[in-house]
Structures are given as C-alpha cells and as structure tokens.
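# Just a sequence and a predicted model for now, questions to come.
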Amino acid sequence: MSGRDSDLSWKERAHDLIRYNRLFVVGLLITALFLLLALAAPILTPQDPLEIDFETKLEAPGIEHWFGTDVLGRDIFSRVVYATRTSLLTGVMVVTMALLIGLPIGLIAGYYGGRIDNFLMRIADVFLAFPPLLLPIAITAALGPGLYNALMALAISWFPWYARILRASVISVKEELYVKSSQAMGMNPLRIMLRHALPNSTTPVIVQASMDFGYTILAAASLSFIGMGARPPTLEWGLMISNSRAIFLEYWWTAFFPGAAIFLLVLGVNLLGDGIRDILDPNYSDKR
Amino acid sequence: MRGLLHSIKYIWLVLLLVVFAAIFLAPDRIRNSETVIYATYGDVKDWDPAVAFSLEVMVLANIYEPLVYYDPSGGDEPLRPALAEKWSVSEDGLKWTFHLREGVRFHDGSLLTAEAAKQSLERTIKLGKGGSYIWSSVESITAVDELTLDIRTEYPAPIDLIASSQYAAYIYSPEAAKHDSNWFNEGRAAGTGPYRLRQWERNQQIVLEQNADYWGGWQDGQITRVIYKIVRESATQVQLLLAGEADFLSLVSVDLLDAFEENPDIRVAYIPSWKNSQFLINTRQGPTRDPDFRRALVHAWDYETVVSNVYAGSADVARGIIPRSLWGHDPDLPSPIFDLDKAKNYLELSSVPSFERKVSIAYIASSAAYQSAVELYQSNLAKIGIEAELKPGPWGSIWDQAKNLETAPNLISMTWWPTYATPSDWLTGLFKTEERANFNLSYYSNPSYDALVEEGVQLEAVDRLAAIERYHEAQQILIEDAVAVFYADLKERVIHRADLLGVDPNPAYNAIFFHQLRRGKEL
Amino acid sequence: MFKTVLQRLAMMALILIGVMTITFFLSRVLPGSPVELMLGSKPTAEQIAQAEEELGLNKPLIEQYFIFLGDAIRGDFGTSLITGQPVTADVFVRATATFELVTLALLLSLSVGIPLGVKAAVRKEQWLDHGVRMASVAAVAIPVFFLGLLLQVIFAGKLGLLPLQGRIDSDVLLDHFFPRISGFYLVDTLLAGEWAAFASAVRHLLLPVLTLSLASMATIIRVTRSMMIEALQEDYIRSVRAYGVPQKEIYYLYALKATLIPLLTVVGLTYGFMLGGSIIVEYIFDWPGVGGYMVEALLNNDFTAVMGVTFFVAFAYLLINLAIDLIYQAVDPRLRVS
C-alpha cells in the first residue's frame, strides 16, 4: 500500500485502499453479499426453512436441495440463508448495546476524573478480569438460555473496552484549550463533552467496533453451539452445527454449510474491519 | 543461544518423530470381548449406598445387592431371592424374617451374616439420607442367629418390597458400615455383587472388575470388566457407539434415533419402565378449582396422538395412575378419552364463565416431548375456548413456583416413579393431603381418599389382593375428580451394540446388569 | 519494583472481590433451587428443609454473601453440590488438565507463529508472505467449534488415527499407573516411565491443542511480521549486517529481540483468550478441564462450584497478566518511570 502517508485525506486513503488492498474489496463484497442474503431471504430461498418433511430427510446436496436436507427434512440452503439475519443481528446488537453501556461510563469517568473515574474504571477492570466467554456464559446461565439473553450477556462483558476508549479520548480533549475556555465561559459540562469529546473519539470507537463485529458473531455462535444461545425454532448457524454433531460423519452437509457460512461472514467482516481501520487510523495499520 | 538456534531444526524433527510415533506405533487396541464400555453423561456423586439417590445406582446395582430382587415377570410373587433365600411375615404383619444365603462374601473378604445385614441397614436408617425414608416403619432389627434376620415394624408395612429397592436397601460389609460417607466417596465400595470397584478416575472413568468369588458363579463368555466412560455430550456418545468404542450409551435425543435405525450393529430396545407422565391439575386455585372444568381439561388431551407421534413408540396410553409394569396395575380402569364435544359439555356444566377460561401450563423446558405434547394440547384447548399460557422452565424453578399456591400454575408436568416397588408411591406421593405442598402439586385433599390409601399401604404387608382393591377405589376417585391428565406409561429406551446379548433390564433398577450379558450373534 | 508489585497485588485483591461479588449475585439468581441437586430425584420436605439449613439458604442474602466472602478469604469454597467433593480439590484436578491444554497450545502457537512471522517479514510481498497472511486471516475467522468438529471427523472418523475424545485411553489409564505429580499427563507419564501412557496422552492432546492454537497462531504471525518489518529497517540491523553476521542470526538474535515486548502483550492476551476458548474445546473433546466443570456447574445451579471455579480462573488470569506486566517492566526500563 502506498498511502501510508498520514497527510492524505481519508478519501484519498480510501481510494488507495480499494485500489491496492484487494482484501478490503473482498471483505466488502462478502459482507454485501450476506447483507443481500439477509434482506432478500424470502425471495432467494426455495422452501420454508421451518417446514418439516420426513419424506425428504437427510438428502444429499443436489438440484432439488442445493445444500441437502437435515434430520427433519428441512432445506438446509433455506435455513442457512435465513440464519444470516440472526448472525448479522447479533453483531449489530451486541456492538450497539456495548456502546450504549460503555460510552456514558467512559464519558463520565473521563470528564469527572478523580474518585468517580477510579470507581468506574475499577468496575470495568472487574469485568475484564473474566477470561473472554466465561462471563457471557455465566450471565446467560443466570438470565436463562436464549438468543437475546446471550446477546445481552455478550454486551455486558464487552462494554469496558468502549468505556476505556472514550475515557482516554475525553481526558485528552479535556486538557485542550477550547474545552477549558468553554468551561470558563460557563457552558454546561454535558454539552462540552457531547460537543467535543464524543466526536473526537469517533475514530477509535468505529475502529474498535468494526474489529469487534466478527468476534461477537463468533462468540454468539459459540454460545448457541453449547446450548446457551439461540433455541429452536430460531435459525442460527452455531445451533444448526450443534444439532448435526452426532451425524456429521455420515451426513457432512448438515454441519458443513452452516460452518462455511460463519467462516465466510466472519472473514468478510474482519477484512472489512481491517480496511476501515487502515482508512481511519493509518498509524495502526500493519506494515505492508 | 547460537547453538540453540542452529539445533532448532533437530528439536522440531525429534518432536515430530515423537508425535508420529505416538500416532502410528500405537498398539492396535484389541477390544477384549469380555469388556463392556458404557458411555455415561454423569459421574458418580454418592458412592455411599445409604445415600445414593440419583443416577449412580446404575453403577451400584452391579456392586451391591439387596436382600431380595424385584421380579418383573408378572407372576403372583413380585420378588425373587437375592441375599435372602427365603422370607416370611408374621400374621399381624409386624414381624418380617429373612433367611440369608450361606457362604456369601463381601468384596473385602468378610462374610455375610445377619449381624452384617443388620449393621448395614441400621446405618442407612440412621443416616437418614437419600431414599432411607422407605424404612420409616421399622421399629427394630435383630440378628436372631448367624443367618436369620428379623425386622419389626411399628405398623404393618411391606418390608419385603422395601428391601428390594434400588435406593437405601443395599447390604454392605460391616467394615464399611463403620465409616461415614466420606470413606465411600474416596472411591471405595464393599458389596457382594458380581463386580468390584477397581478404579474411579474422577470425571473420566469408573472401572468394575469381575468378583471371582461371586456366589452366583461365573461361566465362560460372561462380561468380566465394565468401564463407565464419562462422555458428557450426547453427540460424542453416539459417535463412540457407532465406532464400536462404546457398547451402551446413556442418553440420546429422539431425532438422533434415525442414525441407528438401519444400522445392523446397533440395537434399540424399548423396555417398559416404572415411569409415567401426567399433568397435575391444581384443584385449589383458579378456574381449575371447578371439577367440571377439570373434566373438560382431561377430555381435551389427545392421548393417542401424543403417544404415537410425540413419544413415537416409547410410551403407552396410561390407564389409571399405576403403570402396566408394576404389580397392582389395574386393567379394569377406563382408558381416558379424547373427545372435544364431551369436553365442551363439561365446560358448559362448569361454573367458570367464558372470560375466565384461561389456564397456565408449566413444564420442563428441556424436554422436547413435553414441548410438542403441550403445543398440541394448547391448540385443542383453543378449539373449546380455553386459552393456555405456556410456562416452560427448568424443573427446579417450575417446582419451586408450583410449591407456593400463590405462584402455582394450573397444570404442571410430572414424571413419577416409585422409590420401591409399591403402587402406593404415586397415590401417596402425588395426591395424599400435604400440609405444605411438596409433590402433591394438585393441592388435592380428600379424607376418604387418604383413608383408602392408608388402608392399602398397611394391607400390602399381609394381603396384596386386598390392597389392590383399595388402590382401585382410590384411583377411581382420582379419575372421577379429574385431578390430573394421566397420559403416558413410559418405556425405557436402551441403545447398545447388537452383539451384546441378554440385555433385559428390570424396571425396578435404573441399571444394566452386566452379569447377565454375553457377546455373540443373535440366533 | 517491590512497591509496584505490592500495589498491583492489592489492586488485584480488590478486583477479585469485585469478581466474587458479581459471581455471587449471579449465581443466586440462577433458576431453580440448588437443593434438589444435592438430594437426588425425590427428596422429602424434611430433607429439603434440612439441606437448606445446611447450605445456609434460609439466611438473608446479604448475610449469605458475607459468610461466603469470609469463608473464601480463608480458602474455603465449600463442597460442590454435583460432585460432593470440596470445590478447591475439584478445581485443582480440573485446572491442571486445562493448563496442560492451554500451555501446549500456546507453545505451539509461538513455535510455529514466530518463525512464520519472521519468514513472512523477510520475504515481504513475496508469495510466502501473501500465503501466510491469507492463512492467518482465514484462521481467525474459523469458529473454534467448527474447526474442532472438522478435525474430529477427519482424524478420528475418516482416518481413524486419533481418538475422538478424552485425555487418555481407558485401558491405558487402568493398566499403566502413573502418580499425578504435576497434573500434566505428558510430564507425569514421562516421570513414571510409562511410555504407552505417554503415547496415549500425546495422541489425545493433538486435536484439542491444534484446535485451540490455530487462531492465536494467526495473531502471533501477524504481530511478529509487522514488528519484524519495523525492526529490519532500524539502523543497528543494517550495521550488524555490514559486519557479515549470518542472516539467520540477524533475524532471530538481533531483530527478534525488538519484537519481544509486543509479543509478550500478545502472549498475555492469548492466554486469556485460550482460557475462554478452552471452554468450547473442552466441550467438544470431553476434556476434563475447568471449562466443562464451569458450564456444568452453571447449568445445574451448583452455586458453590460456580463461585469457586470463577474465582480460580479469574485469579489465574489476573496473575498471568500481572506476571506479563512485570516482565514487561523488567525488559523495558522506560516503563518503570510511568
């Protein structure tokens, strides 16, 4: 990549990126494809994904059923396509909820500093003291297994990252002259923060969010896989794989296609995330 | 450092060699035909036979023996000898005498005597844990001589049936009886059964080895070693079974059964069990207080469809509350009828106005069978104008709610089996008046019913036919009062490698008796 | 230095109390009553009352909390309701299984990841570099559970080369005794000289370790590569090169040194990541580790076990991070000031 120069505007960097970083383009295309699948699922699928038909159970992939059928004779292609909605939704919801929890905390901690800051950040530390996945599993167990509880649990264990980012940027902004002057002019502290600190932190937050998106999709699928996330009849890739575990050996298509779908989507959003990071935050990028 | 850098290639080479050697030079594991591997989802928690009240009985049943075994063959005498060869009861039903088998040795070498049996039973009763309450009628236990054991009771009680229980009735060595549960829970056992405990590797496996001195004797070709392998996931268990690395598995969901259907190496057997399922109807709260409303509920359940479609061969329609597999079952009781017109008539008879025709149904969420059956029920109820609110949950929480009248649902799922071979277990446990609800989640209270059941229990000791008559009457009251939807007698599903012959479980024991098995081709 | 360590330890204790508080209240809202777990299938009302008394469940929640905290400080985490064993004993046995898995996975990630990262950096923009980068991007996107399943199907199912699940073969465990000194089967079997048991342990470790290490391997490759590229442009490397030091030594002895600090951070993160990932891997391969213990305890509302195991896992995680930070400071004196 040639555009490592920070003097370039982000538009120029984006232009460079698309031109020189084919992986970013690939990521964009994959993500767009899945978005299309999710939106147009009813048009694209040949069959109702929930329709049970014992006549056609466990058929191998063919013209009739592109991805074969499962134990209950349901069309796996239709199921995989519909499940795209669930996975995209998990990514969006977890990141959004984590932002909604994390941003105010970071804002308050950074702006007021001192004891409040200390207190809030220690709480964040406590949440970070759980190894990844462990806290979501515990919270899901307490709330009761289910897709929305799993998403809530992931968001709760994820918010400290955003709180930290925002806090850091608030602290750096706070020292700047214009903030001090608006403070001196007696402006409402909340307004100061919203006007100056929040926009200032957009870049790192977007970078972080775009990198987290793929991870949350994987984590949500893992929770469903071990029976703590989505439940039937919700269509979810991890759940589909979990249900086909025992027969995977003889009927490979029952788990292969959902697995491939997760892989592709996560690959796509990760590449996209890398690209977004390169555009917004050139200093961070891998040395290419 | 430099040296290391240059030798790194060789280190890699050695490591790879080790890995390849481990993979390819591994001795071909020759499966000994006299070893059986049982894939189980859970480990043993209580090794103490006085305390064990859960799935560990599947292991204990092969290590320990009771005084008598329940005999499911359906003859007049429901029991057959185990450690006791003969037994009798005094005319007043208050004194039981057991004549023990001679020359039986415990795994620790000590001899089975009446004194040993006494110590073992007394310890079990004194601990008061697990199922030990089955002995609550006992007044005293005495060793009359070397091999004669007397048990006296405060009121007539069927001590012979009680002694056949899989909970709290196993006889263990006097040496072991001196210790507390911790001694057992370090992985010790001392019974008289065909297998001794050889190894307990927590979370990994339990190994039983042939007890060469077993009084029942040994013949060539019998199973000499049993490995219980702990495999938590149903899917992994299935893979092990299909690969021949396990002979039995402990749990499987219905939709996986297809994987076995056409496989000649796997046998799926359905064996009548003592379990049956019902929905208890709350008789003290809400619209279900009205008996006619309850009768309407009973007629709105589609019995045939649930048994044939939802349970797919692993259940029969219940007739009364005592299952077919237990003595005292009553074939003369009427079959329940699914008839929406009848249900509607009862509904009209009831005093419940149409806007109050709503019921809540609680059931165990993890059970696919409950789920499907309840959804079917919900649609049938809707047809007669009753709205059903479904409340699935884990047993612990729905039970907690049901025990409190304030939060109790109108209907709750219940699968019941007796602690020992007595029909009274259902009649007492589920419907006898309880001061504080424990399992009588119908909140049913009827003095004349209670009296009948009490009479029956005492008659069990001396005159079982008379007891059955009382139970018949009591069941008729329950059916008349529509206290529950009695819908299914369940069958145990046993899945195993087809070359194991002689798999014939006894509904009284949640275990496979490995001493009965051998390998071979079915003729 | 000593003072920083003390400060950090004090902070760690505070965080751990926070962790215990969260876990305590989480475990008390788990659905269902824990006593049925203890009592088996059909407890009488008296038995239930007695068990609630024994567990102290009839006391107010706040009182229970302080009793628990007091016991925990004394190292008493109670008895697991499922296994009937002291939680500390359970966790110790289980933890060694998990640490064997995680440590080996980390070693594998490092020993494959670093050389590949270095090679990719040295041959920047050549086919090897592109290949390695593609592979590492892909490796991060594969769900751990799907990878484990694929490996099971290929190596255990189709090829029949490796075992499907467990830590060691049943018959080997029965016939070859080895004392549990470290709890790592690889070490203990070697110490006992039980070759068959060692081989069996190796075969059982291969698939889980591979499954667990792939994603971290990719991260390590990426970090090594980018740090290496930076280091290779430094002046001192140029001068070393001018002295005619062999290429290999330049890369591994001089340039790599500069990448150690960022690598350490990655190692710390990876350890935590793997502790999380091991839950899934243990689930798939029936590995008798802490992850499975935790999931089972949560699902069965075994609250004593839940709290014990969370404490130990969080403790281990914090300890590793602390150790990494301290090494960090020792290696890089600049950080000491701040």
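Thanks, I have it.
# where does the chain have low pLDDT?
With no chain named, the answer covers chain A. A:1-8, A:14, A:17-20, A:177-179, A:282-288 (pLDDT under 70).
# look at chain B instead
For chain B, the ranges with pLDDT under 70 are B:1-5, B:27-30, B:253-256, B:258-259, B:522-523.
# Select the longest strand from it.
Taking DSSP state E as the criterion, chain B has its longest strand at strand B:266-281.
# Centre of the chain to the helix or strand following that one, how far?
Remark: after strand B:266-281, the chain's next helix or strand is helix B:291-299, criterion DSSP states H and E. Chain-centre distance of helix B:291-299: 30 Å, with Cα atoms, centre = their mean, to the nearest Å.
# what's the burial count for the residue nearest to A:Pro131 when sequence neighbours are not counted?
In space, and not counting its chain neighbours, A:Pro131 is closest to C:Leu275: 3.8 Å by Cβ to Cβ, 6 or more residues apart in numbering or on different chains. Every residue, glycine included, has its C-beta placed from N, CA and C. Neighbourhood size, C:Leu275 [other Cβ atoms under 10 Å in any protein chain shown]: 26.
# Surely C:Leu275 is in contact with C:Ala316?
Yes - using Cβ atoms under 8 Å, C:Leu275 is in contact with C:Ala316, at 7.4 Å.
# Using just helix, strand and coil, how would you label the residue nearest to A:Pro131?
Of the three states, C:Leu275 takes helix under DSSP: H, G, I helix; E, B strand; the rest coil.
# related to what we said a few turns ago, the longest strand of chain B packs against which elements?
Secondary-structure packing of strand B:266-281 (3 or more Cβ pairs under 8 Å, 6 or more residues apart in numbering or on different chains; DSSP states H and E): helix B:258-261, strand B:411-416, strand B:484-497.
# how far away is A:Ser87 from A:Gln208?
20 Å (Cβ to Cβ, to the nearest Å).
# Thought C:Ala138 was touching C:Leu214, still the case?
No - under the criterion of Cβ under 8 Å, C:Leu214 is not in contact with C:Ala138, lying 9.6 Å apart.
# Looking at these two, which is more packed in?
Taking other Cβ under 10 Å, C:Leu214 and C:Ala138 do not tie; C:Leu214 has more neighbours (24 against 15).
# give me every residue that touches the more buried one.
C:139, C:142, C:147 (Cβ atoms under 8 Å, 6 or more residues apart in numbering or on different chains).
# host element of the last one?
If I follow you right, that is C:Leu147. Residue-wise, C:Leu147 maps onto helix C:144-151 under DSSP H and E.
# In the stretch 201-350 of chain B, what residue comes closest to chain A?
At 3.5 Å from chain A, B:Ala235 is the closest residue in the stretch 201-350 of chain B, using Cβ to the nearest Cβ.
# Run through the neighbouring helices and strands of the helix or strand where B:Gly456 lies.
In the assignment (DSSP H and E), B:Gly456 maps to helix B:447-462. When contacts are defined as 3+ Cβ pairs under 8 Å, 6+ apart, helix B:447-462 packs onto helix B:424-431, helix B:464-481.
# Would you mind finding the most buried of those?
Mean neighbour counts were compared across the helices and strands packed on helix B:447-462 using mean count of other Cβ atoms under 10 Å in any protein chain shown; the top stretch is helix B:424-431, at a mean of 24.
# list the helices and strands that helix packs on?
Packed next to helix B:424-431, using 3+ Cβ pairs under 8 Å, 6+ apart, are strand B:411-416, helix B:447-462, helix B:464-481.
# May I have the phi/psi pair for the residue lying closest to A:Gly62 once chain neighbours are set aside?
Leaving aside its chain neighbours, A:Gly62 sits nearest to A:Gly68 (7.4 Å; criterion: Cβ to Cβ, 6+ apart). Per-residue torsions, A:Gly68: phi 80, psi -170 (degrees, to the nearest 10).
# burial count for A:Gly68?
Neighbours of A:Gly68 (other Cβ under 10 Å): 21.
# List the contacts of it.
A:58-62, A:76, A:251, A:253-254, A:257 are the contacts of A:Gly68 under Cβ under 8 Å, 6+ apart.
# for B:Gly328, phi and psi?
According to degrees, to the nearest 10, B:Gly328 has phi 90, psi -10.
# Quick one: residues contacting the nearest residue to it once chain neighbours are set aside.
Leaving aside its chain neighbours, B:Gly328 sits nearest to B:Pro423 (3.5 Å; criterion: Cβ to Cβ, 6+ apart). Shown in contact with B:Pro423 (Cβ under 8 Å, 6+ apart): B:322, B:326-329, B:456, B:467-468, B:471.
# mind putting the residues you listed in a markdown table, distance to B:Asn440 included?
What follows is those, written out as a markdown table (distance: Cβ to Cβ, whole Å):
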| residue | distance to B:Asn440 |
| --- | --- |
| B:Ile322 | 17 |
| B:Leu326 | 20 |
| B:Trp327 | 24 |
| B:Gly328 | 20 |
| B:His329 | 22 |
| B:Gly456 | 17 |
| B:Ala467 | 21 |
| B:Ile468 | 22 |
| B:Tyr471 | 17 |
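# residues from the stretch 151-288 of chain A in reach of chain B?
Within reach of chain B by Cβ under 8 Å from any Cβ of the partner chain, the stretch 151-288 of chain A has these residues: A:242-243, A:245-247, A:249-250.
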